[in-house]
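Enquirer: Provide a 3D model corresponding to the input given below.
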Amino acid sequence: MTLLLQHISYGHLLPAAHGLIESHTDQTKAHLIATGAAMEALAKKFGGDAQTWKVAGMLHDLDWDKLDKDYEAHCGDTLDHLLQTIKAPQELLGDIRAHYQSKYGAEYPLDTMLRKCLYCVDELTGFIIAVTYVRPSKKIADVEVKSVTKKLKDKAFAAQVDREQIRQCEALLGISLDEFVGITLEAMKGVAAEMKL
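Expert: Residues are numbered from 1 along each chain as shown. Here you go, the predicted model:
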């Protein structure tokens, strides 16, 4: 099945995306950097625009630190306002909202590879960070694919992570869980210093 990859580029927003992360995030900073790197790697795998996909990954949870874990408000007006400060196209907001399928799925379906990848990788990058924190070294360089997949089977570990959303990589992206974890993990290792991991 061939999907529309992306019909608008917002790679020019990359410097602004870095600025927004620096200005508006604290707890989610590593997650946003990780997701940006993973999306860039997935774009290369699936033939998307690497910078566009990276920007979407970097900004997808930009509002989270300001919302005090208010799931209802996530990806709503606060995010819209933050994106307006950098004159982001509405399509970027749509791509970001699509990762929050339980709220925005009807309005913003997973109808591009960018959206499908962001939906699947969002939970995975956070999970890999959690796996890193329990390594004796607390260094992502010491995390292996098998460590991640083993922890995914342990439902008590990082219990809030939606494993099914990660496993959707097989149906939505047509790649195995091991390959998906491998691509994401290698991308995250490439930005380890930026994530302070």
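
Enquirer: From here on, just use CA atoms for contacts and neighbour counts.
Expert: Will do.

Enquirer: what residue of this protein is the furthest out?
Expert: P136 (25.4 Å; Cα atoms, centre = their mean).

Enquirer: Just confirm it is within a strand.
Expert: No: using DSSP: H, G, I helix; E, B strand; the rest coil, the assignment for P136 is coil, not a strand.

Enquirer: Next one: it from V143, what distance?
Expert: 10 Å (Cα to Cα, to the nearest Å).

Enquirer: What strand or helix carries K103?
Expert: Using DSSP states H and E, K103 falls within helix 101-104.

Enquirer: could you point out which element follows the longest helix along the chain?
Expert: As assigned by DSSP state H, the longest helix anywhere in the chain is helix 113-133. Once the chain leaves helix 113-133, the next helix or strand it forms, by DSSP H and E, is helix 145-153.

Enquirer: For that following helix, report the contacting residues that lie outside it.
Expert: I128, V131, F157, R163, D178, V181, G182, L185 (Cα atoms under 8 Å, 6 or more residues apart in numbering).

Enquirer: Mind checking which of those residues are in helices?
Expert: Using DSSP H, the contacts of helix 145-153 in helices are I128, V131, R163, D178, V181, G182, L185.

Enquirer: What is the burial count for the first one?
Expert: Close neighbours of I128, defined as other Cα atoms under 10 Å, add up to 25.

Enquirer: same check, this time on the fourth one
Expert: By the other Cα under 10 Å criterion, the neighbourhood of D178 contains 16 residues.

Enquirer: Enumerate every residue touching it.
Expert: Neighbours of D178 in contact, by Cα under 8 Å, 6+ apart: V145, T149.

Enquirer: Quickly note the distance from it to E144.
Expert: 11 Å.

Enquirer: cool, and the second one?
Expert: Applying Cα to Cα, the value for V131 to E144 is 10 Å.

Enquirer: same deal with the first one?
Expert: Here the criterion is Cα to Cα. By it, I128 lies 10 Å from E144.
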